[in-house]
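1. Sequence and predicted model, in that order:
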Amino acid sequence: TEGCAAMSLSGSVVFVGGAAGTVGSGIAKAFLAQGATVLSVSRTPAGAERIKADVGSTVDVFIADMSSEASSLEVKAAIASKYGQLNYVFTCYGGWWQGGPTSQQSGAILSEVLQTKFYPHYFTAGALLPLVAEGGAFILINGGAAEQCY
């Protein structure tokens with residue numbers, strides 16, 4: 001945030017999907033530094049502890065698999081119950097497909113890519129968009145897949 005005007009996000013509630021990764025952890029740390037309440041998700045308790053150790057102990061990490069619609073809806077219910085609304089949602093679950101033209105991949109590989117790279121973004125949007133407050137934002141962050149035709 002060097003060179004950026006400091007702003008207070010005290011009172012803001014931010015969900016960062018992918019806070020265990022490089023991009024997501026950076027986003028989560030920046031929001032914490034500006035006073036926001038940061039929420040995230042991990043598939044395992046050990047992953048949740050790693051997020052807290054890397055990002056900050058105050059991050060509220062829900063244990064859930066966001067590639068599952070049912071699990072995503074459970075996270076939605078927990079967030080709605082505890083926080084009401086979200087001001088910002090960031091999804092940055094892993095990088096996108098880097099294995100060449102998708103049209104040349106097997107069905108098994110395509111299924112794995114959808115399960116691990118697409119569904120978490122999709123189900124997070126379906127579950128959490130209704131919780132984003134007026135004036136808030138839902139931001140999907142992904143790799144270079146949007147810049148190159150396959």
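-> Perfect, I can see it now.

2. what about the helices in the protein?
-> 22-33, 45-54, 69-83, 107-113, 119-128 (DSSP state H).

3. Out of those helices, which gets nearest to residue 89?
-> helix 119-128 (5.0 Å; CB to CB). Quick note: C-beta positions are derived from backbone N, CA and C, even for glycine.

4. what comes up buried for the lowest-mean-pLDDT helix or strand in the chain?
-> Ranked by mean pLDDT, DSSP states H and E, the helix or strand of the chain with the weakest confidence is helix 107-113, at a mean of 86. By neighbour count, with 16 or more other CB atoms under 10 Å as the criterion, the buried positions of helix 107-113 are residue 113.

5. One more: stretch 25-40?
-> Buried residues in stretch 25-40 (16+ other CB under 10 Å): 25, 27-32, 34, 36-40.

6. what bridges to the spatially most central residue of the chain?
-> The centroid of the chain falls nearest to residue 17 when counting by CA atoms, centre = their mean (1.4 Å). Beta bridges link residue 17 to residue 91 when assigned by DSSP bridges.

7. Can you give me the separation between it and residue 23?
-> Distance from residue 17 to residue 23, counting by CB to CB, to the nearest Å: 11 Å.

8. list the residues that contact both of those two?
-> Listed contacts common to residue 17 and residue 23 are residue 92; contacts here mean CB atoms under 8 Å, 6 or more residues apart in numbering.

9. Could you identify which of the helices of the chain is most buried?
-> helix 119-128 (a mean of 20; mean count of other CB atoms under 10 Å).

10. Can you list the low-confidence ranges for the chain?
-> Counting by pLDDT under 70, the ranges of the chain that qualify are 1-7, 95-98, 143-150.
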